[in-house]
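Asker: give me the fold of what follows.
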Amino acid sequence: MGKKPVKGDATTQTWVKIVCGIMGFLMVFGVLVMLISSLQTAAVESNQSQTVPDQQISVGLYCNENAVQSYALSAEHGVQIAVAPSGLTVSLDSQNVIVSVDGNLYRVGSELSTTSGGIATVGGYHIEISYFTFSDLGIDTDHDNPVFIRPGSTAGSTDGYSPANVYDYISLLSDDTTFQALSLPAFPCYVSGQKCYIRVGNFFTKEEAEEALAQLQRTMTLNASIAEPDADSVTVLARDYTVLCEFTGKNQSYQITPTDDGVIRGADGRAFCGTISMASVKDSSRKGINVINQLSLEAYIGALLPSEVSSEWDSELLKSMAVLLRTEITRKLGCHDADGFDICAESHCHTYIGRATATDRVLDAVQATAGQILTYDGAPIYTPYAMTNGNGTVSAKDAFGKEVPYLPAIYTPWEEQSSWSVEFTPFELYQLLSNAGYREITGNVASVQVNAWAEGSDYVTSITFTDLFGGSVTVEGSETIRLLFSGRLPSSCFVVGLAGESVEYTKRTLSGNATEYSESKETVVLAGTYGSFVFMGSGSGCGVGFSVMGAKALAERGFNYRQILNIYFPGAELPDSVGTE
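Answerer: Next comes the predicted model:
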């Protein structure tokens, strides 16, 4: 028997259909939103994984407060000097040249400077000639209608000579008998990269230069003056201190390259790729020359790599180190913009000693990772590293007090351990604490107590020192603890006690060829002088980030450079392809 129809059923069914339709639409819309969001996330991750172009960078070698008064260079087949901004290029056959400030130059050893006290070598006063005629070379003996030895010149002209043929006129001038009798050297002075004057002699006083000029004027017609030392000028000399040429002009720089495709070397034998750029220091209070190496980013990485690791080590280690160095330099580019260069050659940016011997294996590692850098949220990451981190790393938070997601603490049992031991007398510890400003300690230290270690790490993060009078101080933070010891303690990964005491530490043993390990508690007797405190540990530096020896061990176990970098910098992005965007 069927049910009776209920009033309102048709209306209810209609509303049910409407609600179902709306819910279906919302479900489809939700799926689309999730899909779009997923695609956007993938796009962001792709954008975060960056490569960098092989751009030209400038490395300050000796600049500003470290500027030099002379700098010696050598190239097997001579050098070329390009003047900016004019574009003038001057080629010198001399294999060895010295670029110096303009002035009276004194030699101490092989260095030239304007500070008197060394051997007087080159005077800074010169006779400057803009045109001349002869009375004794047979070119023209009619002084009523002289021929001025400079194309297109007229009497009284100060336009100077063409850089293209100035040496022709220097040769003619040198044939003059009076000139020869005075034994005066002649050389070109390039003015603002546009014209030349001929400069004669190197005198230490203006009076000496004026006397020589008067003698020359007895036999030839000269438009000449005395050129005095100028802060906007530089002098280029041969290694025997003969002046080859001078350059003068405001806001000029000089790019020096080998005539061939070779390298250019500094006085200390350091070789450099690219260009050596020089410019006068823009400081009226002192004279000096800024020396800058301009080269490509990839050439710079190739120069750094052999000074950091052995070129004979595993290629995957070389690749991981190339990426790490490129990331570090990319992150620091521009930090010296105000100084006139991108990065410095000191530890502030990265110690740079020029181009080390780059083998094919080094160059291959650089090329294989060309342009690749590690990024997080689209920016180059901070990449601290040390030769060894010992038993493991410590997080950036525990070392520096700042959370950095890609710099956690990890144990590294695959790294070959090399332990160290340092001992301090109770008085030495008192001195260290007193010098560091801890006034709570007023006498010899009687006890040292480790209170805490970093999370997931063997690095000490809290340590208490107590003196004979009961005064105590607690030092927090692994890096603060390491720095407290003024360089005597290699790292804060240690155990401590009195000499002869037994202390406990955790030993980790690697299992198989992977990164898994087992732990066991071990004891060791601290060897040292009776009454001294002995710190026994491993690792060097802050303990944060990359370990060269740890990476070497992983590479030898078959890990590739991507896997190695992912272990030490988890969460950082690395591009899949080599090249530039």
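
Asker: show me the shaky parts of the stretch 1-150 of the chain.
Answerer: Low-confidence regions of the stretch 1-150 of the chain, defined here as pLDDT under 70, cover residues 1-50, 132-150.

Asker: okay, strands next: where are they in it?
Answerer: For the stretch 1-150 of the chain, the strands identified by DSSP state E, counting those that start in this stretch occupy 56-62, 70-74, 79-84, 89-92, 96-101, 105-108, 111-113, 119-122, 125-134, in order along the chain.

Asker: direction included, what does the second one pair against?
Answerer: For strand 70-74, sheet partners with direction are given as strand 96-101 (antiparallel), strand 264-266 (antiparallel), following DSSP bridges.

Asker: mean neighbour count and distance to residue 433 added to those strands, as CSV?
Answerer: C-beta: built from backbone N, CA, C; applies to glycine. Written out in CSV, the entries for the strands paired with strand 70-74 read as follows (neighbours: other CB atoms under 10 Å; distance: least, CB to CB, whole Å):
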stretch, mean neighbour count, distance to residue 433
strand 96-101, 23, 48
strand 264-266, 20, 44
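
Asker: dump those strands into TSV; add distance to residue 477 as well.
Answerer: Formatted as TSV, the strands paired with strand 70-74 follow (distance: least, CB to CB, whole Å):
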stretch	distance to residue 477
strand 96-101	47
strand 264-266	41
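
Asker: relative to residue 418, how far out is residue 388?
Answerer: Shown here: residue 388 relative to residue 418, a distance of 7 Å by CB to CB, to the nearest Å.

Asker: looking at these two now, which is surrounded by more residues?
Answerer: The neighbour count for residue 388 versus residue 418, taken as other CB atoms under 10 Å, is higher for residue 388 (22 against 12).

Asker: nearest residue to that one other than its sequence neighbours?
Answerer: Closest residue in space to residue 388, ignoring its immediate chain neighbours: residue 549 at 4.5 Å, by CB to CB, 6 or more residues apart in numbering.

Asker: residue 415 is in contact with the one you found, correct?
Answerer: Yes. In terms of CB atoms under 8 Å, residue 549 counts as a neighbour of residue 415; the distance is 5.6 Å.

Asker: between these two, which contacts overlap?
Answerer: Between them, residue 549 and residue 415 share the neighbouring residues residue 388, with contact defined by CB atoms under 8 Å, 6 or more residues apart in numbering.

Asker: the residue nearest to residue 388: how many residues sit nearby?
Answerer: Using other CB under 10 Å as the criterion, residue 549 is surrounded by 23 other residues.

Asker: how close does it sit to residue 315?
Answerer: Looking at residue 549 against residue 315, where the rule is CB to CB, the gap reads 17 Å.

Asker: likewise for residue 75?
Answerer: The separation that residue 75 has from residue 315, given CB to CB, amounts to 32 Å.

Asker: which residues of the chain fall in helices?
Answerer: Listed in chain order, the helices found in the chain under DSSP state H are 9-48, 166-174, 177-182, 206-216, 297-308, 315-332, 360-368, 396-400, 426-435, 478-484, 548-556, 561-568.

Asker: okay if I get these as a markdown table plus distance to residue 377?
Answerer: Conversion of the helices of the chain to a markdown table gives the following (distance: least, CB to CB, whole Å):
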| stretch | distance to residue 377 |
| --- | --- |
| helix 9-48 | 6 |
| helix 166-174 | 58 |
| helix 177-182 | 70 |
| helix 206-216 | 64 |
| helix 297-308 | 22 |
| helix 315-332 | 13 |
| helix 360-368 | 26 |
| helix 396-400 | 15 |
| helix 426-435 | 40 |
| helix 478-484 | 24 |
| helix 548-556 | 24 |
| helix 561-568 | 17 |
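
Asker: coming back round to it: need the strands of the stretch 1-150 of the chain in TSV (columns: distance to residue 431).
Answerer: Shown next, in TSV, are those (distance: least, CB to CB, whole Å):
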stretch	distance to residue 431
strand 56-62	37
strand 70-74	43
strand 79-84	54
strand 89-92	58
strand 96-101	46
strand 105-108	39
strand 111-113	40
strand 119-122	47
strand 125-134	57
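
Asker: for those, which one sits closest to residue 193?
Answerer: Comparison of the strands of the stretch 1-150 of the chain against residue 193 by CB to CB identifies strand 79-84 as nearest, at 4.1 Å.

Asker: partners of the closest one in the sheet?
Answerer: Strand 79-84 pairs in its sheet with strand 89-92 (antiparallel), strand 253-258 (antiparallel), by DSSP bridges.

Asker: how much distance is there from that strand to the middle of the chain?
Answerer: Taking CA atoms, centre = their mean, to the nearest Å, one finds the center of strand 79-84 at 24 Å from the center of the full chain.

Asker: what's near enough to touch residue 496?
Answerer: 448, 450, 463, 503, 533, 534, 535, 536.

Asker: inside strands: which ones of those?
Answerer: Secondary structure of those is defined by DSSP state E; positions in strands are 448, 450, 463, 503, 533, 534, 535, 536.

Asker: what's the closest of the residues you listed to residue 223?
Answerer: Proximity of the ones in strands among the contacts of residue 496 to residue 223 was ranked by CB to CB; the top entry is residue 535 with 77.6 Å.
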